[in-house]
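Trainee: sequence and predicted structure, then a few things I'm wondering about:
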Amino acid sequence: MAFATWHLFAGTAMGTFAAAIATKKVAGTSMVIFTKACGANWLVNIAIFQATTVATTPGKMAMLWLPITSFVALGLEHCVANFYLLPLGALCGADISVLDMAHNLVPAILGNYCGAAFFVGYLHWKAMAPPRPKL
């Protein structure tokens, strides 16, 4: 997708911005990227849970808006977004390599998995599981 759209951004202020974002995203340490990825996927999953509790389309849009906007505004790492932003930034002139992209994507994928599995799956299961019968 980035390869198909980069020509729209190249040489513009948006292209420069995309290159700056890509450069900043690959500059973090693995632990920082992992932690940001946990938070990002927690917010994405909360948005999905909230949207499933509403019946109307405007309600679903409202429930999705705050968590997703928060994750973007906080600069958190989501691997799916980075699959687009990192190659787009590289094509728009960011001085990053495929190895730099992998340095970002591997901890982001692991962090997204942990964010969903622990902060959403496990904690919701513990909070909502019926009590065990006493033996």
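Mentor: Okay, I see it.
Trainee: for the chain, which helix is longest?
Mentor: Here the longest helix in the chain is taken by residue count, with DSSP state H as the criterion, and it is helix 30-52.
Trainee: next, the buried residues of it.
Mentor: By neighbour count, with 16 or more other CB atoms under 10 Å as the criterion, the buried positions of helix 30-52 are 33-47, 50-51. From N, CA and C alone the C-beta is placed, and that goes for glycine too.
Trainee: list the helices and strands it packs on?
Mentor: Taking 3 or more CB pairs under 8 Å, 6 or more residues apart in numbering; DSSP states H and E as the contact definition, the neighbouring helices and strands of helix 30-52 are helix 57-73, helix 98-114.
Trainee: can I get these in CSV with mean pLDDT, mean neighbour count and distance to Ala19?
Mentor: Converted to CSV, the helices and strands packed on helix 30-52 look like this (pLDDT from 0 to 100; neighbours: other CB atoms under 10 Å; distance: least, CB to CB, whole Å):
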stretch, mean pLDDT, mean neighbour count, distance to Ala19
helix 57-73, 92, 14, 18
helix 98-114, 95, 19, 13
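Trainee: TSV for the ones you listed, including distance to Ala127?
Mentor: Conversion of the helices and strands packed on helix 30-52 to TSV gives the following (distance: least, CB to CB, whole Å):
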stretch	distance to Ala127
helix 57-73	18
helix 98-114	18
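Trainee: great, nothing more from me.
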